[in-house]
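Undergrad: here is a sequence together with a model predicted from it:
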Amino acid sequence: MTILNRLYASSGEEVIIETLQINIGPEIHYLCKGYEDITATTENGDVVTFKAAAIDIALPARNSDGTQDLQFAIDNIDGVVSTAVRNALGNLTGATLTYRNYVSTDLAAPAAAPYTLAVKNGYWTATQAQITAGYMNVLDTAWPRYRYTLPYYPGLRYMS
């Protein structure tokens, strides 16, 4: 039994530390849930410092409805992160989010495979930001992706 499975089942001396990496264009923000900053190694071997923040994270549901979204809220955010979050909500094309969890006694690598999601929507107030990120919604995606339409293929009009 792995330490992570034991922690989910019955706790212990260790705690699970949830972290978020928010990429907004060239800017990268590293946040962790809790009261103390942590320095940990990512799955790529990069050593980064996650800044402590009041974060509440709701992981994606494991179901078959096609919309698996991660939702999180950040309270009492400082001016730097709140400005970045506001910019991300204004321009969602370049915003991604990576969720990792670590065990407090082993910060050499994430305890489970990280989730990398695209920021979909959210809202920002003076004291809180709530953001939804998720995978591509396969159920609402057209197939075939490239459509044969009259503007591109005018000869279709004469086919019977």
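TA: Cool, got the structure. All values reported here derive from a predicted model rather than from experimental measurement.
Undergrad: could you use CA atoms for every contact and neighbour count after this?
TA: Noted.
Undergrad: hey, where'd the helices end up in this structure?
TA: Listed in chain order, the helices of the chain (DSSP state H) span 3-10, 79-90.
Undergrad: average model confidence for the first one?
TA: What helix 3-10 shows for mean pLDDT is 69.
Undergrad: what does stretch 42-53 give?
TA: Rounded mean pLDDT across stretch 42-53 is 93.
Undergrad: and that stretch, how far from the chain's centre?
TA: 15 Å (Cα atoms, centre = their mean, to the nearest Å).
Undergrad: just the CA trace of that stretch, in PDB.
TA: This file holds the C-alpha atoms of stretch 42-53, laid out as PDB (Å, rounded to 0.1, in the frame of the first residue of the first chain):
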ATOM      1  CA  THR A  42       8.000  18.800 -10.100                       C
ATOM      2  CA  GLU A  43       7.700  15.700 -12.300                       C
ATOM      3  CA  ASN A  44      10.200  17.400 -14.800                       C
ATOM      4  CA  GLY A  45      12.900  17.700 -12.100                       C
ATOM      5  CA  ASP A  46      12.400  21.500 -11.600                       C
ATOM      6  CA  VAL A  47      12.700  22.700  -8.000                       C
ATOM      7  CA  VAL A  48      10.100  25.400  -7.400                       C
ATOM      8  CA  THR A  49       8.700  27.200  -4.300                       C
ATOM      9  CA  PHE A  50       5.000  27.100  -3.900                       C
ATOM     10  CA  LYS A  51       3.600  30.100  -2.200                       C
ATOM     11  CA  ALA A  52       1.100  29.400   0.700                       C
ATOM     12  CA  ALA A  53      -2.400  30.500   0.000                       C
END
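Undergrad: quick one: low-confidence parts of the protein?
TA: 1, 3-4, 6, 8, 11-12, 62-67, 76-93, 136-141, 160 (pLDDT under 70).
Undergrad: what ranges does it have for its strands?
TA: If DSSP state E is used as the criterion, the strands of the chain fall at 16-24, 27-33, 38-41, 47-58, 69-75, 95-103, 115-124, 128-134.
Undergrad: nearest residue to the residue nearest the centre of the chain other than its sequence neighbours?
TA: The geometric centre of the chain, computed from its C-alpha atoms, lies nearest to L97 (Cα atoms, centre = their mean), at 3.2 Å. Using Cα to Cα, 6 or more residues apart in numbering and skipping residues adjacent in sequence, the residue nearest L97 is I22, 4.7 Å away.
Undergrad: what count of nearby residues applies to that neighbour?
TA: 24 (other Cα atoms under 10 Å).
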